[in-house]
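>>> Need a 3D model of the sequence below.
(chains A, B, C and D)
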2 protein chains.
Amino acid sequence: MTIEEEQARFLRCIGEPTRLQILRLLAGGERCVGELTGVINKEQSLISHHLRALKECNIVKDRQEAQKIYYKLTDDRLAKLVMDSETLMTELSLCKCQEVNYEREGNQTSSEGEICPNG
Amino acid sequence: MTIEEEQARFLRCIGEPTRLQILRLLAGGERCVGELTGVINKEQSLISHHLRALKECNIVKDRQEAQKIYYKLTDDRLAKLVMDSETLMTELSLCKCQEVNYEREGNQTSSEGEICPNG
DNA sequence: TTATTATATGAATTATAATTCATATAAACG
DNA sequence: CGTTTATATGAATTATAATTCATATAATAA
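Got it, this is the predicted structure:
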């Protein structure tokens, strides 16, 4: 497998609406399957399938306590990745509203620190 | 569309092997379709389809010069996102090699600055 | 104007992934 | 033990996306 294929797998694993919901909840600390299923309005088996997918991508890890299985993020940077990508996506879609084709580089007014650099 | 659905679209758009190749090339500066097709060993029409997908997600923008159409990233943070997610993914998969189920918090040896925090 | 070059498009096919449903496992409790 | 609770699993279905192929468009060159 090429590095792009592995990276694509990883990003697609994060890039699914229900899994993003799970990740946001886990960003707040570990949760057991029941807690996740309670908040997310989806079938229990579906949550389990998604958790397995996340685990296979090393995005979450689990721990058993009695009958319950607790999941948490394997790394805090995952929470940051989720947050940062949301911020970036939002800003890009805002930019798009005022966008036409870009011009060749040069003779532009400075746009340091603005939301839409090189708009 | 919920925010998770939009974000998932965005991440899945980046999370495709050929599009990741494109994004890495564009991280080095703008390229026309022919240049991309030359480097990536895929059909021209496929590259075009992928470029359109990236454009619809506001990830790239284009500019025409004679017959050629040049593409570039809409924002430098996209290059960073691609790099950072690769780094993180690689580290997580390395961690996985030594991993068993995690223990409950507490009585752990410090792991500040290590590759596998909370391993 | 016809030919060539560069890119885009749409329909058809194929591949991949999400979801559901029924059921399995396994811990705890009576 | 049998029952309940919590979670996982696998097969079947459905949805989504990637790829190919044939062809369209549009700028340029002859």
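>>> Do I have it right that residue A:70 meets residue A:29?
No. Using Cβ atoms under 8 Å, residue A:70 makes no contact with residue A:29, being 9.6 Å away. Where you see a C-beta, it was placed from the backbone N, CA and C, and this is true even at glycine.
>>> So between the two, which is more surrounded?
Neighbour count, other Cβ atoms under 10 Å in any protein chain shown: between residue A:70 and residue A:29, residue A:70 has more, with 18 against 10.
>>> can you tell me how far that one sits from DNA strand C?
Counting by Cβ to the nearest atom of the strand, to the nearest Å, the separation of residue A:70 from DNA strand C is 13 Å.
>>> Surely that residue is in a strand?
Yes. Under DSSP: H, G, I helix; E, B strand; the rest coil, residue A:70 falls within a strand.
>>> In chain A, what residue spans correspond to helices?
Assigned by DSSP state H, the helices in chain A fall at A:3-14, A:17-27, A:33-39, A:44-56, A:76-96.
>>> Can I get those in JSON lines including mean pLDDT, mean neighbour count and distance to residue B:12?
Formatted as JSON lines, these follow (pLDDT from 0 to 100; neighbours: other Cβ atoms under 10 Å in any protein chain shown; distance: least, Cβ to Cβ, whole Å):
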{"stretch": "helix A:3-14", "mean pLDDT": "98", "mean neighbour count": "20", "distance to residue B:12": "6"}
{"stretch": "helix A:17-27", "mean pLDDT": "98", "mean neighbour count": "21", "distance to residue B:12": "10"}
{"stretch": "helix A:33-39", "mean pLDDT": "97", "mean neighbour count": "15", "distance to residue B:12": "22"}
{"stretch": "helix A:44-56", "mean pLDDT": "98", "mean neighbour count": "16", "distance to residue B:12": "14"}
{"stretch": "helix A:76-96", "mean pLDDT": "95", "mean neighbour count": "17", "distance to residue B:12": "11"}
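>>> near DNA strand D, which residues of chain A show up?
The interface of chain A toward DNA strand D, taken as Cβ under 7 Å from any atom of the strand, is made up of A:32-34, A:37, A:44-45, A:47-49, A:51-52, A:62, A:67-69.
>>> could you redo the last one with a cut-off of 10 Å?
Neighbours of DNA strand D within chain A, by Cβ under 10 Å from any atom of the strand: A:5, A:8, A:12, A:15-16, A:31-38, A:43-52, A:55-56, A:62, A:64-71.
>>> Leaving out chain neighbours, which residue sits closest to the residue nearest in space to the middle of chain A?
For chain A, the residue nearest the mean C-alpha position is residue A:82 (3.6 Å; Cα atoms, centre = their mean). Leaving aside its chain neighbours, residue A:82 sits nearest to residue A:23 (5.3 Å; criterion: Cβ to Cβ, 6 or more residues apart in numbering or on different chains).
>>> Equivalent analysis for residue A:69, please.
Spatial nearest neighbour of residue A:69, chain neighbours left out: residue A:62 (5.2 Å); criterion: Cβ to Cβ, 6+ apart.
>>> how about the one you found, what does it touch?
Contact analysis of residue A:62 by Cβ atoms under 8 Å, 6 or more residues apart in numbering or on different chains lists A:51, A:55, A:69-71, B:101-102.
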